[in-house]
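**Student:** Sharing a sequence plus its predicted fold:
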Amino acid sequence: MKRPSRIQKLNELFSREHHNLYLAALAITRHRACAEDAVQDALIAVAEVDSDLENLKCYLYRSVRNRALYLAQRQDRLCELDDNAQWIVGDTDNLESKLFAEQVSQHLAELETKYREVLVLKLYSDFTFNEIATVTGHPQNTVASWYRRGLAQLKEKLDEQTLIARSS
Amino acid sequence: MSKHLSHDLVELEKSLGTLHVQPPSEGFFEKGNSILNEKAKKSADNAKTLWFPFLFYALGAALFVSLGVNILFFYDNTIFTKTAGHNNSAINLAIAENNAQEKFNQAGSGASIDTKLQILATKFINAEQLYVDHCKMCHEHGIGGAPRRGYLEDWKPRISKGMGALINNSVFSFSNKPPCPTCSEKEIEAIIDYMTPIPAPRLISQSVQYLANILELSFASAGNDPLFIEKNKNHLALIFPTRCKNCEAIQQALSHWQSTPGNIANVSVYLTMSSESDDAHARAVYAAMQINNEEDIGSKFIRSMQTNPTQFNSADSFAPLCQSMNLSFEQFQTAYQSAVTTEQVFFSHELTRQLEILGLKDEPGIIITTNNGEQYLIHNDNPTEMMAIASTLLNAEGTTNNTGLISPSSEMAFDTKGKSN
């Protein structure tokens, strides 16, 4: 039986993982168009690699992350990124959920990239800590600590905002 | 992993779980698929059309290699006798790494044996192998305080001294580092480039070109001649690698220049500010200076920026400055707006970022061009001293063309303020 070519494998991988790839990029760029660009650029780059890749999935995720980091950095320099852009959304019919999503979008954007990335991947993809560790290239325990710290920082920011809202 | 989280965080985790991320646009998946299908089609086409040219190339290559080997055999004795004395390791590496055909292609048919040797010595340096042979033992794990390969924090203070200083330290030993007498300068340069996470800056040959290069190529192409510092160390050892607090070396250099009438062709003072807005303000002050024709204001402003951490971001915060320049805030604002464009801000922001990596943030710098085309970059930790030096240079006897206060991005944006003696 003929072995599937690398591009065929990449195609299958993309069909399976496209949402998670997009999430990984979005966690870094916080901008939908940028995240989509990062994934597409990475696909082109990986498709053009000549040699056989040992772990295609891992390679693709790393490429997406690198591209997203580059685009985010460039975006920050070229124009002011709209930090209030809502990339986390809530239930559109529920005002409370909408407001909460707005706050979460804003405060997540303020977190360090590494915390944000782990939080988004853990909460909104079906990745385990082990998988996140593989795709980000950090040890599993570090990823778990970042998740906990990220959550704690996010909570602190949300509580702070609630306090300010109450006092005013 | 939730079992390790406190109750509060588990609650937060649950509430976050009710939200979701903004979905990708509708065509996202289809576009990704079409990219891959296109690539698959292209590679299939390539595979179909590859066999005939491949046969042709293979025959050609076989002929060429046999010709190359014959020529090498003819010159064999001469080459190995001549290389024994110098650059031995590089030549050996070259021979190990490349076949005869490639070597003689590089040398060109009409070149002398010496030229061929030069090419062989510089073109085929295997930095990784040299690193493994000479440096890995200490530099891989930072034994004895050696900067580790690829660690920016280890290399940052060293990179800022420039490639010349790094090569100098490698050749002539530095602190407890054993010297590397068997390596040529080019080999050391290649090893350093292999070890550093970002390329060390070479001497700046053209300041404007340098600024432009930063945008695309980082410091990699900042200079054409990496050994310029080494070759001109009588002048440059005084300035570039020193970054002295007391500026004795700079004073010495100054007196040297001043004792040679007409030696300085051009002096550019540029500022590296802490943020793009600060830089924009510096430009605004320059514009205001042009209105008022008062050059001193610039240095006053710089001093106040450095000593007073207040951000100049409102009419009130600009008030003392406007007062000192006899300008209304509206006049100042007009100057400000005419001075700042998005492109400039981006440009300066990039420069600031690069300088930050090299630990040169918040420092004014001076670029001096001499009449015989040499260029010098001066950096110092003390902004007041730098402005004093700049002022001395700007009024130096024999200086034929001075450039006034400029900010990094404004070098191209403003006409330089020349005055001829």
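**Tutor:** Structure received.

**Student:** So, low pLDDT: which residues of the chain?
**Tutor:** Since you didn't name a chain, this refers to chain A. Within chain A, the stretches with pLDDT under 70 are A:1-4, A:50-54, A:73-85, A:168.

**Student:** You answered for a different chain; I wanted chain B.
**Tutor:** Those would be B:1-4, B:46-59, B:63-125, B:159-165, B:168-169, B:171-182, B:185-186, B:197-421, if you go by pLDDT under 70 across chain B.

**Student:** change it to 80
**Tutor:** For chain B, residues meeting the criterion pLDDT under 80 lie at B:1-5, B:39-40, B:42-128, B:134, B:137, B:143-145, B:152-153, B:156-190, B:193-194, B:196-421.

**Student:** Buried residues, the one helix or strand residue A:155 maps to. List them.
**Tutor:** Using DSSP states H and E, residue A:155 falls within helix A:140-167. Within helix A:140-167, the residues that count as buried by 16 or more other Cβ atoms under 10 Å in any protein chain shown are A:143-155, A:157-158. (Each C-beta comes from the backbone N, C-alpha and C, glycine too.)

**Student:** quick check, that helix touching chain B?
**Tutor:** Yes: counting by Cβ under 8 Å from any Cβ of the partner chain, chain B is contacted by helix A:140-167 at A:144, A:147-148, A:151-152, A:154-155, A:158.

**Student:** Packing partners of that helix?
**Tutor:** helix A:95-110, helix A:113-124, helix A:129-136, helix B:7-17 (3 or more Cβ pairs under 8 Å, 6 or more residues apart in numbering or on different chains; DSSP states H and E).

**Student:** What's the end-to-end length of stretch A:22-42?
**Tutor:** 11 Å (Cα to Cα, to the nearest Å).

**Student:** try stretch A:119-138
**Tutor:** 14 Å.

**Student:** Briefly note if that stretch comes near chain B.
**Tutor:** Yes: contact of stretch A:119-138 with chain B (Cβ under 8 Å from any Cβ) involves A:119-120, A:123-124, A:129.

**Student:** Pull the residues that contact that stretch.
**Tutor:** Around stretch A:119-138, the neighbours that count as contacts under Cβ atoms under 8 Å, 6 or more residues apart in numbering or on different chains are A:19-20, A:23-24, A:26-27, A:57-58, A:61-62, A:65, A:108, A:111, A:114, A:117-118, A:139-140, A:142-144, A:146-147, A:150-151, A:154, B:1, B:13, B:16-17, B:20-21.

**Student:** same thing but at 7 Å, please
**Tutor:** Here stretch A:119-138 makes contact (Cβ atoms under 7 Å, 6 or more residues apart in numbering or on different chains) with A:20, A:23-24, A:26-27, A:58, A:61-62, A:65, A:108, A:117-118, A:139-140, A:143-144, A:147, A:150-151, B:1, B:16-17, B:20-21.

**Student:** So the nearest residue to residue A:18 once chain neighbours are set aside versus residue B:194, what's the distance?
**Tutor:** Leaving aside its sequence neighbours, residue A:18 sits nearest to residue B:29 (Cβ to Cβ, 6 or more residues apart in numbering or on different chains; 5.3 Å). Distance of residue B:29 to residue B:194, given as Cβ to Cβ, to the nearest Å: 41 Å.

**Student:** Count the residues that sit near residue B:144.
**Tutor:** 11 (other Cβ atoms under 10 Å in any protein chain shown).

**Student:** ok, residue B:141 to residue B:148 distance?
**Tutor:** Applying Cβ to Cβ to residue B:141 and residue B:148 gives a distance of 7 Å.

**Student:** Neighbour count for the two, which is higher?
**Tutor:** residue B:148 (16 against 10).

**Student:** sec struct for the more buried one, please.
**Tutor:** Assigned state for residue B:148: coil (three-state reduction, DSSP: H, G, I helix; E, B strand; the rest coil).

**Student:** picking up where we left off before, just flag the most distant two among the residues of helix A:140-167 next to chain B.
**Tutor:** Across the residues of helix A:140-167 next to chain B, the two members that end up farthest from each other (Cβ to Cβ) are A:144 and A:158, 21.3 Å apart.

**Student:** does the residue nearest to residue A:18 sit in a helix, a strand or a coil?
**Tutor:** Strictly by three-state DSSP, residue B:29 counts as helix.

**Student:** anything in the one helix or strand residue A:33 maps to near chain B?
**Tutor:** Following DSSP H and E, one finds residue A:33 within helix A:32-47. Yes: counting by Cβ under 7 Å from any Cβ of the partner chain, contacts between helix A:32-47 and chain B involve A:32, A:36, A:39-40, A:43-44, A:47.

**Student:** Other residues contacting that helix?
**Tutor:** Contacts for helix A:32-47 (Cβ under 7 Å, 6+ apart): A:7, A:10, A:14, A:21-22, A:25-26, A:29, A:59-60, A:63-64, A:67-68, A:71-72, A:75, A:87, B:22, B:24-25, B:28, B:31-32, B:35-36, B:39.

**Student:** re earlier: quick one: which of the buried residues of helix A:140-167 is nearest residue B:126?
**Tutor:** Nearest to residue B:126 among the buried residues of helix A:140-167, with distances taken as Cβ to Cβ, is residue A:143, at 36.9 Å.

**Student:** Columns distance to residue B:137 on top of the residues of helix A:140-167 next to chain B, output as a markdown table?
**Tutor:** As requested, those are exported to a markdown table (distance: Cβ to Cβ, whole Å):
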| residue | distance to residue B:137 |
| --- | --- |
| A:144 | 36 |
| A:147 | 38 |
| A:148 | 39 |
| A:151 | 43 |
| A:152 | 42 |
| A:154 | 45 |
| A:155 | 48 |
| A:158 | 51 |
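
**Student:** Cheers, nothing more for now.
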